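Peer 1: I'll drop the sequence and a predicted model, then ask my questions.
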Amino acid sequence: MTASLQLYGVQAPGLALSSKRLEFGTKGINFSATLTSSCAIFRTVERSCRNTALRVSCEAARVDLLERKETETCNLSGTGKELTCVMKFGGSSVASAERMKEIANLILSFPDERPVVVLSAMGKTTNKLLTAGEKAVTCGVTNVESLEELSFIKELHLRTAHELGVETTVIAKHLEGLHQLLKGISMMKELTSRTRDYLVSFGECMSTRLFSAYLNKIGHKARQYDAFEIGFITTDDFTNADILEATYPAVSKTLLGDWSKENAVPVVTGFLGKGWRSCAITTLGRGGSDLTATTIGKALGLREIQVWKDVDGVLTCDPNIYPGAQSVPYLTFDEAAELAYFGAQVLHPLSMRPARDGDIPVRVKNSYNPNAPGTVITRSRDMSKAVLTSIVLKRNVTMLDIASTRMLGQYGFLAKVFTTFEDLGISVDVVATSEVSISLTLDPAKLWGREIVQRANELDHVVEELEKIAVVKLLQRRSIISLIGNVQKSSLILEKVFQVLRSNGVNVQMISQGASKVNISLIVNDEEAEQCVRALHSAFFETSS
Ligand SMILES: Nc1ncnc2c1ncn2[C@@H]1O[C@H](COP(=O)(O)OP(=O)(O)O)[C@@H](O)[C@H]1O
Ligand SMILES: N[C@@H](CC(=O)OP(=O)(O)O)C(=O)O
């Protein structure tokens with residue numbers, strides 16, 4: 001049982017709260033969450049500490065303690081009496097005015113649902129914003145106006161407003177702000193990851209404003225929310241921020257509080273948050289609107305989370321690799337998480353976490369084909385007949401073969417290897433070990449998120465460090481093929497896999513069965529990978545045996 005202790009403070013004008021540090025000196029207090037807003041600091045503490053006197057010391061400028069108030073943390077499962085579900089629509093589902101009208105009809109076609117709507121940016125807006133930002137660095141201030149991406153974004157959003165019949169004023173400030181920001185980037189000749197997040201936030205801020213205005217126009221009361229203003233508190237890892245615990249009660253309080261006053265459909269920006277130290281806009285990693293949706297689902301204790309895409313649910317493999325991929329009717333949270341983590345673009349890698357914690361079913365549906373049943377993701381499912389569920393490919397992975405320079409019997413070798421990665425802040429994806437050697441792949445999401453120069457230095461540095469204790473081989477352009485399914489049937493799966501790979505003349509360079517028990521990973525050369533996935537798909541999903 002936790003209680004929330006809220007300490008309200010006033011800020012000296014013009015000072016960001018993040019520049020101050022409040023210290024809670026009393027021993028034994030277990031802070032399970034922290035969140036700051038421009039005028040308050042909230043800390044969630046264990047109930048047992050309720051009456052403990054807190055010594056609050058303020059390091060920087062003035063923070064006056066105005067009020068100390070104890071409140072029960074929102075009852076997460078009991079508050080969602082009225083709002084029923086989350087409906088998240090991805091970029092392809094809101095790519096044009098016509099698509100937005102269809103989505104509005106779709107929402108209205110479920111009269112028993114009272115959804116929280118989460119939207120991504122329209123179509124490929126996020127990519128266009130990023131390209132515009134990169135071009136702005138070098139194009140010169142006077143040329144910003146004629147950047148084709150800026151013109152495209154302006155034209156798309158203004159046209160959408162006209163076609164929806166809503167005032168262009170709902171997005172005018174954002175279009176102007178975007179223009180100014182690009183000029184700023186151009187003047188500074190620099191695009192930091194913090195600015196990058198601010199830049200892409202314009203996409204979701206505009207799509208939600210247009211859609212909410214449209215719902216209101218057709219007589220369906222709606223209210224737009226910027227996630228970074230309603231308590232989506234994240235780490236300050238720009239471009240890949242993680243949601244902090246304090247988000248749940250804050251989001252619940254705002255959305256349920258407003259809903260109880262007026263039943264207006266909440267339309268929330270996906271993908272965005274607010275860094276808890278910086279108070280700047282952050283993003284949750286590409287495809288992060290899925291995570292926004294599941295976070296809201298958990299925060300409000302809703303009955304279901306729906307993510308509407310442009311495919312008939314989660315498929316047996318990436319349809320861009322094999323167009324004959326079929327939809328998977330049921331998945332567990334573990335299977336879906338593994339599938340997303342190992343590269344299936346269809347779901348954000350962390351999005352299953354809140355749904356699993358809240359035990360809320362996630363339904364993946366096709367907004368272009370609403371009648372298709374889609375995929376239902378739940379805590380457990382009948383695995384008695386399940387063998388292989390889906391095949392996932394992650395390309396361009398770096399692999400390391402590390403062999404100890406000592407002989408057998410050396411203890412501490414694995415510990416030293418992993419300490420090196422920990423020290424360098426690099427996470428590892430797939431591992432296979434013996435007593436004196438270890439093969440592993442490096443998480444490309446973490447590594448490739450950094451600048452090219454930084455990346456090359458990092459790899460050199462890893463090899464240099466490891467060479468103090470081992471012979472190291474750096475192998476690039478490898479692919480991980482992940483076989484998601486019932487690992488209880490691993491012999492059956494592997495028998496078939498090796499038959500297929502042998503008949504295709506492919507040598508597996510490493511194999512690993514994860515502790516999650518839903519995934520077997522194979523490492524092959526990049527250039528052989530797609531052909532392998534197609535051959536494996538035929539063997540597992542297109543033959544009767
Ligand atoms: N196993 C898979 N199942 C379904 N879609 C997949 C899979 N692997 C890759 N994809 C790709 O993911 C896309 C859907 O994800 P995404 O583009 O993020 O959707 P949205 O933007 O609508 O949220 C599909 O169009 C498909 O090309
Ligand atoms: N617009 C962001 C966030 C997002 O979730 O998009 P989508 O739902 O279209 O994948 C992106 O492109 O990454």
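Peer 2: Received the coordinates, thanks. Remember, predicted model here, so these are calculated numbers, not experimental data. Ligands and ions are numbered 1, 2, ... in the order given.

Peer 1: all contacts plus neighbour counts: C-alpha atoms, from now on.
Peer 2: Fine.

Peer 1: who in the protein is up against ligand 2?
Peer 2: Proximity of the chain to ligand 2 (C-alpha under 6 Å from any ligand atom) is limited to residues 90-91, 120-121, 126, 271, 286-290.

Peer 1: what about those residues, which are in helices?
Peer 2: 126, 289-290 (DSSP state H).

Peer 1: TSV for those, including pLDDT, distance to E262 and neighbour count?
Peer 2: Compiled in TSV, these are given as follows (pLDDT from 0 to 100; distance: C-alpha to C-alpha, whole Å; neighbours: other C-alpha atoms under 10 Å):
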residue	pLDDT	distance to E262	neighbour count
T126	98	32	21
S289	98	25	30
D290	98	26	30
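
Peer 1: now, which of those lie close to ligand 1?
Peer 2: Within these, nothing lies near ligand 1 by C-alpha under 6 Å from any ligand atom.

Peer 1: not counting sequence-adjacent ones, nearest residue to L164?
Peer 2: Of all residues not flanking L164 in the chain, A97 sits nearest, at 5.8 Å (C-alpha to C-alpha, 6 or more residues apart in numbering).

Peer 1: I'd say that neighbour and L156 touch.
Peer 2: No. Contact between A97 and L156 fails when scored by C-alpha atoms under 8 Å: they sit 9.2 Å apart.

Peer 1: between the two, who's got more neighbours?
Peer 2: Neighbour tally, A97 and L156, criterion other C-alpha atoms under 10 Å: the higher count belongs to A97, 22 against 17.

Peer 1: list the contacts of the more buried one.
Peer 2: 160-161, 163-164 (C-alpha atoms under 8 Å, 6 or more residues apart in numbering).

Peer 1: and it, how far from H162?
Peer 2: Using C-alpha to C-alpha, to the nearest Å, A97 is found at 9 Å from H162.

Peer 1: check T125 too.
Peer 2: 18 Å.

Peer 1: okay, the two: which has more neighbours?
Peer 2: Between T125 and H162, counted using other C-alpha under 10 Å, the more crowded position is T125 (24 against 12).

Peer 1: tell me the phi and psi of the spatially closest residue to that one that is not a sequence neighbour?
Peer 2: Spatially, and ignoring its direct neighbours in sequence, T125 is nearest to G203 (6.0 Å; C-alpha to C-alpha, 6+ apart). Per-residue torsions, G203: phi -60, psi -60 (degrees, to the nearest 10).

Peer 1: residues contacting G203?
Peer 2: For G203, the contact set (C-alpha under 8 Å, 6+ apart) comprises 120-122, 125-126, 129.

Peer 1: tell me the domain boundaries of this structure?
Peer 2: Domain segmentation of the chain under automatic domain parsing yields 2-72, 85-309.

Peer 1: how distant is the last one from the center of its chain?
Peer 2: Read it as domain 85-309. Domain 85-309 sits 14 Å away from the centroid of its parent chain (C-alpha atoms, centre = their mean, to the nearest Å).

Peer 1: how far does it stretch from start to finish?
Peer 2: End-to-end distance for domain 85-309, by C-alpha to C-alpha: 16 Å.

Peer 1: check which residues of stretch 428-436 are buried.
Peer 2: By neighbour count on 16 or more other C-alpha atoms under 10 Å, the buried set for stretch 428-436 is 428-431, 436.

Peer 1: on the strand side of things, show who I511 bridges to.
Peer 2: Beta-bridge pairing of I511 under DSSP bridges involves L522.

Peer 1: residues near it, how many?
Peer 2: Per other C-alpha under 10 Å, the neighbour tally for I511 reads 19.

Peer 1: ok, it touching L522?
Peer 2: Yes. Taking contacts as C-alpha under 8 Å, I511 lies within contact range of L522: 4.6 Å.

Peer 1: check contacts around D357.
Peer 2: D357 sits next to K298 when contact means C-alpha under 8 Å, 6+ apart.

Peer 1: now it: which helix or strand?
Peer 2: Assigned by DSSP states H and E, D357 falls within helix 352-358.

Peer 1: what do you get for W308?
Peer 2: Element membership for W308, per DSSP H and E: strand 304-309.

Peer 1: show me what counts as buried in stretch 527-541.
Peer 2: By 16+ other C-alpha under 10 Å, the buried positions in stretch 527-541 come out as 529-537, 539-541.

Peer 1: ok, stretch 511-530 next?
Peer 2: For stretch 511-530, the neighbour count (16+ other C-alpha under 10 Å) marks 511-514, 517-526, 529-530 as buried.

Peer 1: again with stretch 345-361
Peer 2: Across stretch 345-361, burial judged by 16+ other C-alpha under 10 Å covers 345-356, 358-361.

Peer 1: hmm, that stretch in reach of ligand 1?
Peer 2: Yes. Applying C-alpha under 6 Å from any ligand atom, one finds stretch 345-361 touching ligand 1 at 345-346.

Peer 1: distance between the ends of that stretch?
Peer 2: Stretch 345-361 has its terminal residues 20 Å apart, counting by C-alpha to C-alpha.

Peer 1: off-centre distance for that stretch?
Peer 2: Here stretch 345-361 shows a centroid-to-chain-centroid distance of 9 Å under the convention C-alpha atoms, centre = their mean.

Peer 1: in the stretch 151-300 of the chain, which spans are helices?
Peer 2: 169-188, 193-217, 247-261, 289-300 (DSSP state H, counting those that start in this stretch).

Peer 1: tell me the most buried of those?
Peer 2: The highest mean neighbour count among the helices of the stretch 151-300 of the chain, using mean count of other C-alpha atoms under 10 Å, belongs to helix 289-300: a mean of 29.

Peer 1: just the closest residue of the stretch 1-150 of the chain to ligand 1, please.
Peer 2: Across the stretch 1-150 of the chain, no residue is closer to ligand 1 than G90, which sits at 3.5 Å (C-alpha to the nearest ligand atom).

Peer 1: the closest residue to that residue other than its chain neighbours and F110, how far apart?
Peer 2: Nearest non-adjacent residue to G90, counting by C-alpha to C-alpha, 6+ apart: S120, 5.0 Å away. S120 sits at a distance of 21 Å from F110 (criterion: C-alpha to C-alpha).

Peer 1: of the two, who's got more company?
Peer 2: Per other C-alpha under 10 Å, whichever of S120 and F110 has more neighbours is S120, with 33 against 10.

Peer 1: how about the contacts made by that one?
Peer 2: Residues in contact with S120 (C-alpha under 8 Å, 6+ apart) are 88-91, 94, 203-204, 207, 269-271, 289.

Peer 1: cutoff 7 Å now
Peer 2: For S120, the contacting residues are 89-91, 204, 269-270, 289, by C-alpha atoms under 7 Å, 6 or more residues apart in numbering.

Peer 1: need those residues in TSV (columns: distance to T375).
Peer 2: What follows is those, written out as TSV (distance: C-alpha to C-alpha, whole Å):
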residue	distance to T375
F89	15
G90	16
G91	19
E204	26
T269	24
G270	21
S289	18
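
Peer 1: how many residues are close by A95?
Peer 2: Counted with other C-alpha under 10 Å, A95 comes out at 20.

Peer 1: distance of it from H162?
Peer 2: For A95, the distance to H162 (C-alpha to C-alpha) stands at 15 Å.
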